[in-house]
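Engineer: Kindly return the folded structure for what I paste below:
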Amino acid sequence: MKDQQLTPHFKLSEFVKSSTANARHIDNTPTEAIVANLKALCEEVLEPLRQWYGKPIIIGSGYRSPALNKAVGGVKNSQHMTGEACDIHIPDEATGKRWFVWLMDNVPFHQLIWEKSTPSSNHHWIHVAFKRTGINKQQVIQNLIKYPSK
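Structural biologist: Residues are numbered from 1 along each chain as shown. As a prediction, the model looks like this:
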């Protein structure tokens with residue numbers, strides 16, 4: 001199941017891998033409903049980004065079981081636990097900003113957040129959430145991002 005292809009460029013294994021789960025022996029196996037949510041996230045958000053960018057997109061954090069979410073300090077209502085969210089690793093800040101703007105302008109999403117590990121850190125990632133059912137709010141949280149010109 002973990003090698004299941006979700007879309008042409010994304011596999012389920014990319015969304016369930018976790019060094020914390022491995023180290024703490026936490027089962028991070030998603031249900032079929034969660035896999036369906038991950039597939040929708042890939043189809044509607046990640047695959048279009050991958051096709052536009054033309055190079056691999058790396059998932060830093062995908063599905064988190066409730067135990068894993070607690071272990072990593074995730075919020076209690078995290079969409080990572082429902083397979084509706086992932087964190088995209090960015091190769092550098094300039095590329096990440098281009099991706100962020102492209103996602104804002106080109107795909108449906110519930111939430112799009114430019115995140116960094118600490119205020120003084122240069123470690124950034126993009127959190128994106130997509131609801132397969134219900135309303136996608138198109139909520140953008142920019143955290144002082146300065147956008148490059150298009």
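
Engineer: Pull up the pairing partners for the helix or strand of the chain with the lowest mean pLDDT, direction included.
Structural biologist: The weakest-scoring helix or strand in the chain, judged by mean pLDDT, DSSP states H and E, is strand 111-116 (a mean of 90). Strand 111-116 sits in its sheet next to strand 124-129 (antiparallel), strand 139-141 (parallel), going by DSSP bridges.

Engineer: Point out where this protein drops to low pLDDT.
Structural biologist: Scanning the chain for pLDDT under 70 picks out 1-2, 117-122, 143-150.

Engineer: Go ahead and list the helix or strand containing the residue most central in space within the chain.
Structural biologist: Centroid-nearest residue in the chain, with C-alpha atoms, centre = their mean: residue 86, separated by 1.8 Å. Assigned by DSSP states H and E, residue 86 belongs to strand 85-89.

Engineer: which residue ranges form the helices in the protein?
Structural biologist: With DSSP state H as the criterion, the chain has helices at 13-16, 19-24, 32-41, 47-53, 66-71, 93-106.

Engineer: Hmm, residue 104 is touching residue 140, no?
Structural biologist: Yes. Here residue 104 reaches residue 140: they are 6.0 Å apart, a contact under C-beta atoms under 8 Å. Where C-beta positions appear, they are placed from N, C-alpha and C, glycine not excepted.

Engineer: Give me the common contacts of the two.
Structural biologist: Residues touching both residue 104 and residue 140 by C-beta atoms under 8 Å, 6 or more residues apart in numbering: residue 112.
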